[in-house]
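# Requesting a structural model of the entry that follows:
(one chain, ligands or ions: 1)
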Amino acid sequence: MRRTERSEIREPRHGVVTAVNLTKHFGEVTAVDNVSFRLEPGTFFALLGPSGCGKTTLLRMIAGFEQPSNGEIYINDQPVAGVPPYRRHVNTVFQHYALFPHMDVATNVGYGLRQQRPRLPRHEMEQRVADALRLVRLTGFEHRRVWELSGGQQQRVALARALINRPTVLLLDEPLGALDLKLRREMQVELKLLHEQVGITFIFVTHDQNEAFSMADRVAVMRNGVILQDGDPARIYDRPVNRWVASFIGQMNFFEGLVEATGEQGAIRLTRAGRVVRALMPDTAITAGRAALVSIRPERLWIRRGAPESNGQNGQSFSGRLVRSIFLGDQIEHTVESQELGRVLVRVPNVTAMTGDMPAAGEEVVIGWRDEAARVVLDEARG
Ligand code: ATP
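All right, here's what the predicted structure looks like:
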């Protein structure tokens, strides 16, 4: 099997990274469990998941710092089993930048080049250091010491150092984790621009969904060593495969029900309300009579004062009482207690605060959604 796969690979393509049934055991712990994917050159791929889900182990196997227990990795369409990290055409940027404190910026950035044999001519080394510093907007900082730089600048030095050897794949292990929120946001934009400029494959590990979504064009959501969902961020947000992914990626309201009719838009009878609602069905086949959850993002609900009118043609409305409203700056998050739905989160843009038409805690309200906002997801705990 392995031989066939390898012989099929004729023309190496730079920047392609493939994992085939990759597994890593540490004693009793299965850190990575049968993971497969193929990245096209230039992909910005984020491995997203909670602490301990195996994302760093997966990255370290690609880098060559850990050996898989099972499965194979191909970089540039070449198998890399037994190839040491420095021969893999990949470079890694870590959360703790691991810069050399006694060296200045230029010496740190040029470190990888000085290790190359045969030696590069001096002027070429200087040119490449200058190019790498320009890429991360640190021209003029050549002779600064590392301790004279801010956290964001240090991280940019680490990026320049990782890029100077012109890797075909850059691995980033929570590289922004040590930065404060504002700097993180700035660096996210910078990294995205840098990726566009250099055009190489980036594999980025993070537990922060905002970070993954703002930069990556492909996200793999991991849990317990398994990739649960792999795709473009908008799709993952809009069509999570199960309850766990739906809750991990932002907030979600769930209402229990029973499937009455299938098709692209199914009909679900909500258990508590006893009412049938329409909702987009998942890709997985679901049969009528099965328990499922209707899920709706808080920002896809509406809220107003007063009592419900008869249901509109395209959507649902329910009465409730406003429990509390939390001011989030650009949005207001309302918690509503509804007899028919239970506790519901509703997020609205903060323009309502300006019009003065906000319901107050304790008031009767009506909440609702359009049919297109509702999705059916399976509760993976029930299989
Ligand atoms: P974090 O975000 O906290 O870094 P992670 O998703 O990157 O978490 P890993 O570091 O890959 O997760 O760890 C996955 C699992 O493997 C964890 O249960 C961890 O304790 C275990 N593990 C990782 N490295 C080792 C090791 N060298 N020896 C034993 N167990 C390990």
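# use CA for all of it now, contacts and neighbours both
Fine.
# and N314, what helix or strand is that in?
For N314, there is no helix or strand it lies in under DSSP states H and E.
# So it is in contact with R370, correct?
Yes. Proximity of N314 to R370 meets the contact threshold set by CA atoms under 8 Å, at 5.8 Å.
# neighbour count winner among these two?
Using other CA atoms under 10 Å as the criterion, N314 and R370 rank with R370 on top: 17 against 10.
# neighbouring contacts of the helix or strand L194 falls within?
Element membership for L194, per DSSP H and E: helix 181-198. Residues from elsewhere that reach helix 181-198 (CA atoms under 8 Å, 6 or more residues apart in numbering): F44, L135, V136, G152, L176, G177, F202, E211, S214, M215.
# The closest residue to the fifth one other than its chain neighbours: neighbour count?
By that I understand L176. Nearest residue to L176 in three dimensions, chain neighbours excluded: R184, at 5.9 Å (CA to CA, 6 or more residues apart in numbering). Applying other CA under 10 Å, we find 17 residues neighbouring R184.
# Pull up the per-residue confidence for R184.
For R184, the pLDDT comes out at 86.
# send the alpha carbons of the helix or strand harbouring N210 over as CSV?
Secondary structure assignment for N210, by DSSP H and E: helix 209-215. Output of helix 209-215 as CSV, limited to C-alpha atoms (Å, rounded to 0.1, in the frame of the first residue of the first chain):
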residue,chain,number,x,y,z
GLN,A,209,-11.1,30.7,17.4
ASN,A,210,-11.0,34.4,16.6
GLU,A,211,-7.3,34.0,15.8
ALA,A,212,-7.9,31.0,13.6
PHE,A,213,-10.8,32.6,11.8
SER,A,214,-9.2,35.9,11.2
MET,A,215,-6.1,34.5,9.5
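# for the stretch 51-200 of the chain, what are the low-confidence residue spans?
Low-confidence segments of the stretch 51-200 of the chain (pLDDT under 70): 97.
# The ligand contacts on that one?
Contact residues, the stretch 51-200 of the chain versus the ligand (CA under 6 Å from any ligand atom): S51, G52, C53, G54, K55, T56, T57.
# now that we have the residues you listed, which one has the most neighbours?
Using other CA under 10 Å as the neighbour criterion, K55 leads these with 29 neighbours.
# Could you double-check that that residue lies in contact with A220?
No. If you go by CA under 8 Å, K55 and A220 don't touch, sitting 9.7 Å apart.
# Now for these two: what residues contact both?
Shared contacts of K55 and A220 (CA under 8 Å, 6+ apart): L47, L48.
# So I296 sits against A374, correct?
Yes. Using CA under 8 Å, I296 makes contact with A374 at a distance of 5.1 Å.
# quick one: G315 and I367 touch, right?
No. With contacts defined as CA under 8 Å, G315 does not count as touching I367, sitting 10.8 Å away.
# what about those two, which has more around it?
More neighbours surround I367 than the other of G315 and I367, with 24 against 16 (other CA under 10 Å).
# Tell me how many other residues surround the residue nearest to that one when sequence neighbours are not counted.
Counting by CA to CA, 6+ apart, I367 lies nearest to I303, which is 4.4 Å off, once chain neighbours are set aside. Using other CA under 10 Å, I303 is surrounded by 22 other residues.
# Let me see the ranges of the helices in the stretch 251-383 of the chain.
With DSSP state H, counting those that start in this stretch, the ranges of helices along the stretch 251-383 of the chain come out as 352-355.
# what does it put close to the ligand?
Close to the ligand, as judged by CA under 6 Å from any ligand atom, the stretch 251-383 of the chain has no residues.
# Tell me where the model's unsure across the stretch 251-383 of the chain.
For the stretch 251-383 of the chain, the stretches flagged by pLDDT under 70 are 309-313, 352-356, 381-383.
# Strands of that one, start to end?
Under the criterion DSSP state E, counting those that start in this stretch, the stretch 251-383 of the chain contains strands at 253-261, 265-270, 276-280, 291-296, 302-305, 316-327, 331-338, 342-349, 364-369, 375-377.
# for the stretch 101-250 of the chain, same thing?
Using DSSP E, counting those that start in this stretch, strands in the stretch 101-250 of the chain cover 169-173, 201-206, 218-223, 226-231.
# Compute the inter-axis angle for the second one and strand 218-223.
Regarding strand 201-206 and strand 218-223, their directions subtend 40 degrees when assessed with axes from the mean of the first three to the mean of the last three CA atoms, to 10 degrees.
# I am finished for the moment; much appreciated.
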